[in-house]
Structure formats: C-alpha cells, structure tokens
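**Student:** What would the 3D arrangement of this be:
(one chain, ligands or ions: 2)
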Amino acid sequence: MTDASLHASTPYEDEASFGDYFALLKPRVMSLVVFTALVGLLAAPVSVHPVVGFCAILFIAIGGGASGALNMWWDADIDRIMKRTKKRPIPAGKIAPNEAMQFGIALSVLSVIMLALATNVFAGAFLAFTIFFYVVIYTMWLKRATPQNIVIGGAAGAFPPVIGWIAATGSMSLEPWLMFALTFMWTPPHFWALALFMRNDYDDAGVPMLTVTHGRRATRLHILVYTVLLAALAIGTGFTAVGGPIYLAVALVLNALFLVGALRIARRDEDASEADNFKIERNFFKLSLLYLFLHFGAILVEALLKPFGLGGW
Ligand code: HEM
Ligand SMILES: CC(C)=CCC/C(C)=C/CC/C(C)=C/COP(=O)(O)OP(=O)(O)O
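**Tutor:** Residues are numbered from 1 along each chain as shown. Ligands and ions are numbered 1, 2, ... in the order given. Below you'll find the model as predicted:
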C-alpha cells in the first residue's frame with residue numbers, strides 16, 4: 001500500500017506520544033536481541049571500559065530499534081490486516097508512514113556513526129550491515145517472496161552478538177560465530193510456533209509463511225527437524241570455547257524440554273481441540289524465549305568466571 005492510500009484510510013493524529021515512537025522500536029523483541037549483543041560484548045577476552053560498553057549496547061539497541069521502525073514502515077499494509085499487529089503505531093493512525101521512515105533512517109544513521117565513534121569502525125559497519133539485512137534483505141525482499149524467509153532472514157537477528165564482540169575487540173573470532181549459529185538455528189522454531197498459534201494472520205495478509213505455503217502439518221514437522229538440529233548444535237557448543245560445565249548443564253535441560261515441546265507440537269492433530277493446540281504452540285513459543293535467554297546467560301556466566309580460573313573447560 002502506498003503512503004497516499006494509507007493516509008487516505010487512516011486519520012493520523014497531530015501529536016504522536018513518546019510511547020508511540022517507542023513502540024516503533026519493537027522494544028520487547030529488541031530486549032532479547034540487545035541481551036545477546038551484551039553477551040557478545042562481555043564474553044570477549046578484553047576489558048572494555050564500562051562507559052564504552054554501555055554506549056556500545058545503547059547504540060546497538062538504537063540501531064535494532066531503528067530497523068524495527070523501518071520494518072513497520074515497509075510492512076504497514078500487512079500490519080493493518082493482521083490481528084497481532086493492527087494496533088502498531090502506523091496502522092493505529094498514531095504515526096504517519098513517512099514519519100516512521102524518517103525516524104527509522106535518522107536513528108539508523110545516528111546509531112551506526114555513534115557506535116563507530118564510541119568503539120570502532122568495523123563495529124559500526126557491521127551494525128549498518130545488520131540493519132540493511134533486516135530491512136532490505138528480510139523485510140523488503142524475502143518476507144513476501146519465499147517460505148524460507150525467516151530461515152535466511154534469521155541471520156539478521158543472529159548478528160548482534162557478533163557486533164557486540166567486534167565492538168569490544170575490533171576483530172572477529174570463532175566464539176561470536178558460535179553464538180550466531182545458536183541464534184540462527186533457534187529462529188525457525190521460535191517463529192514457526194508463533195505462526196502456528198497466530199493461525200490465519202499470515203494467510204489473511206498474503207505473506208508466504210510456511211504455514212501458508214506448505215500447511216500446518218509441514219510446519220509442525222519443520223519445527224521438530226530444526227529443534228533436533230538446534231539441540232545437537234546447542235549441546236555441541238557446550239564443548240567449545242564458549243561452553244563449560246554450567247553452560248552444558250543448562251543446555252542439556254533446556255534442549256530436553258525444547259525437544260519434548262517440539263515432539264508434542266509435531267504429534268498434534270489439526271482435528272484436535274483448537275484450544276489445546278493453541279496452548280501447546282504458545283507454550284513452546286514462550287519456552288523459546290527462555291531457551292535463548294538462558295543459553296546466552298550461561299555463556300555469559302562461563303565467560304565472567306574465566307578471569308577467576310573458573311568457567312570454561
Ligand atoms: C528473522 C528472525 C525472527 C523472526 C521472523 C521473528 C518473529 C517474531 C515475531 C513475529 C514475534 C511477535 C512480535 C510482536 O508481535 O511484536 C516475535 C516475538 C519475539 N521475538 Fe522474534 N523473531 C525473529 C528473531 C528473533 C531474535 C533473533 C530474537 C532475540 C534474540 C527474538 C526475540 C523475540 C522476543 C523476545 C519476542 C517476544 C516479544 C514479546 O514479548 O511480545 N526474535 N518474534
Ligand atoms: C541490531 C539489529 C539491527 C538487530 C536486528 C534484529 C532483528 C533482525 C530482529 C528480528 C526480530 C523480528 C521482530 C522479526 C520479526 O519478523 P517480522 O518483521 O516479519 O515480524 P512482524 O510480523 O512482527 O513485523
């Protein structure tokens with residue numbers, strides 16, 4: 001939908017509140033993104049001045065939020081159709097699409113420049129690339145083009161620990177890419193569970209999510225396959241440079257729970273009670289958030305213990 005037609009059907013209010021602009025930053029989703037960036041930054045084997053570290057995380061958060069605003073600008077037409085998203089600031093008539101676009105671009109430029117100045121140019125460039133990946137590659141291109149949209153696009157959400165590490169060290173190494181791999185493999189089960197319990201949202205909006213193109217049964221099986229691969233990766237990571245006994249214990253428990261959840265989803269029958277299916281899918285989605293948070297929390301604990309001769313193997 002063009003700006004003009006959106007304007008025609010939505011009476012934009014004169015003054016959007018601070019809360020409306022804040023909502024454009026997708027703060028709830030970005031909170032976990034920012035946490036993974038923080039772990040990337042703190043797990044690096046260098047000492048970062050607390051003020052520099054704080055600024056780095058702040059600018060990564062602003063960059064992530066800016067990419068969320070640009071996503072909402074581009075997707076305003078489908079957001080106004082889906083129940084889950086119709087109350088967002090643009091479809092709700094609080095902020096005009098053009099304003100959201102300008103806000104998103106301004107914050108993107110600001111965050112990239114400030115991160116480069118506060119830390120290093122490499123980190124700034126990587127943040128710019130991540131924003132580009134989420135906004136252009138995922139949102140503008142893949143999301144409406146292929147059911148593999150989130151498998152490939154998931155890379156955008158997996159880059160933040162790499163940005164955090166580069167902000168701290170000015171270089172890359174294996175450890176942040178292990179964190180990348182974990183988030184990358186986690187994204188499909190995380191998202192497809194939501195696509196299942198949001199039922200017809202994506203059908204209505206004509207977005208080619210797996211649930212729409214290949215059906216709910218195929219999506220359930222995809223969740224199971226990715227969860228098995230994720231479990232192998234997450235547990236295997238326990239024996240690498242970012243792992244250690246604490247991480248491994250956390251990973252074993254969480255992956256067992258996640259596998260049980262994925263099996264329950266895979267075994268659901270579409271003819272079964274819709275309320276029961278909803279509950280199982282929603283619980284799995286919630287567990288996915290705890291799953292990533294605790295894996296990164298464990299990576300952080302291992303890293304913070306290392307200077308004391310503890311942590312790691
Ligand atoms: C391309 C990859 C991803 C896709 C397509 C995706 C999709 C989604 C969607 C559609 C929602 C519902 C959001 C809403 O209604 O506001 C959601 C929720 C969420 N996502 Fe993701 N996600 C992705 C990657 C990530 C990553 C990498 C993280 C964190 C590292 C993350 C963290 C969250 C959190 C914390 C929520 C819950 C927000 C709440 O409490 O409402 N997501 N995700
Ligand atoms: C630092 C930086 C730039 C981070 C970017 C992080 C990132 C790519 C997060 C992706 C998370 C997300 C909300 C995907 C939603 O998919 P969607 O946009 O299809 O969901 P929607 O239907 O809720 O809009």
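**Student:** before we move on, what SS does V228 have?
**Tutor:** Put simply, V228 is helix when judged by DSSP: H, G, I helix; E, B strand; the rest coil.
**Student:** which bits of the stretch 51-200 of the chain sit near ligand 1?
**Tutor:** By Cβ under 6 Å from any ligand atom, the residues of the stretch 51-200 of the chain that approach ligand 1 are 84, 138, 150, 153-154, 156-158, 183, 187, 190-191, 194. C-betas here are computed from N, CA, C, even on glycine.
**Student:** From what I see, V39 and H295 are in contact.
**Tutor:** No. Counting by Cβ atoms under 8 Å, V39 does not reach H295; the two are 9.3 Å apart.
**Student:** Nearest to A256, out of the residues of the stretch 51-200 of the chain next to ligand 1: which one, please.
**Tutor:** Distance to A256, by Cβ to Cβ, is smallest for H190 among those, at 17.6 Å.
**Student:** Give me the spatial nearest neighbour of that closest one, chain neighbours excluded.
**Tutor:** Excluding its sequence neighbours, the residue lying closest to H190 (Cβ to Cβ, 6 or more residues apart in numbering) is S288, at 4.1 Å.
**Student:** Tell me the spacing between that neighbour and G261.
**Tutor:** According to Cβ to Cβ, to the nearest Å, S288 and G261 sit 9 Å apart.
**Student:** D201 now?
**Tutor:** According to Cβ to Cβ, D201 and G261 sit 21 Å apart.
**Student:** ok, now G40?
**Tutor:** Applying Cβ to Cβ to G40 and G261 gives a distance of 27 Å.
**Student:** Settle it for me: which of these two has more neighbours?
**Tutor:** Between G40 and G261, counted using other Cβ atoms under 10 Å, G40 has the larger neighbour count: 32 against 24.
**Student:** Need the per-residue pLDDT for the more buried one.
**Tutor:** The confidence metric pLDDT takes the value 98 at G40.
**Student:** can you check S273 too?
**Tutor:** At S273, the model reports a pLDDT of 85.
**Student:** And H7, by the same measure?
**Tutor:** On pLDDT, H7 comes in at 46.
**Student:** Could you list the contact residues of the chain toward ligand 2?
**Tutor:** 26, 29, 33, 60, 63-64, 67, 71, 75, 85, 130-131, 134, 139, 143, 156-157, 160.
**Student:** switch to 8 Å and redo it
**Tutor:** Taking Cβ under 8 Å from any ligand atom, the part of the chain that reaches ligand 2 is made up of 26, 29-30, 33-34, 37, 60-61, 63-64, 66-68, 71-72, 75, 78-79, 82, 84-85, 127, 130-131, 133-134, 138-139, 143, 149-150, 153-154, 156-157, 159-160, 163, 191, 207.
**Student:** Now do the same contact list for the spatially closest residue to I81 that is not a sequence neighbour.
**Tutor:** Of all residues beyond its chain neighbours, the one nearest I81 is A205 (4.5 Å), with distances taken as Cβ to Cβ, 6+ apart. Contacts here follow Cβ atoms under 8 Å, 6 or more residues apart in numbering; on that basis A205 touches I78, I81, M82.
**Student:** quick one: the first one and ligand 1, what's the gap?
**Tutor:** Spelled out, it's I78. As judged by Cβ to the nearest ligand atom, to the nearest Å, I78 and ligand 1 stand 11 Å apart.
**Student:** Equivalent analysis for the second one, please.
**Tutor:** I81 sits 14 Å away from ligand 1, taking Cβ to the nearest ligand atom as the criterion.
**Student:** Thought Y202 was touching that residue, still the case?
**Tutor:** No. Checked against Cβ under 8 Å, the pair I81 and Y202 is beyond contact range at 9.6 Å.
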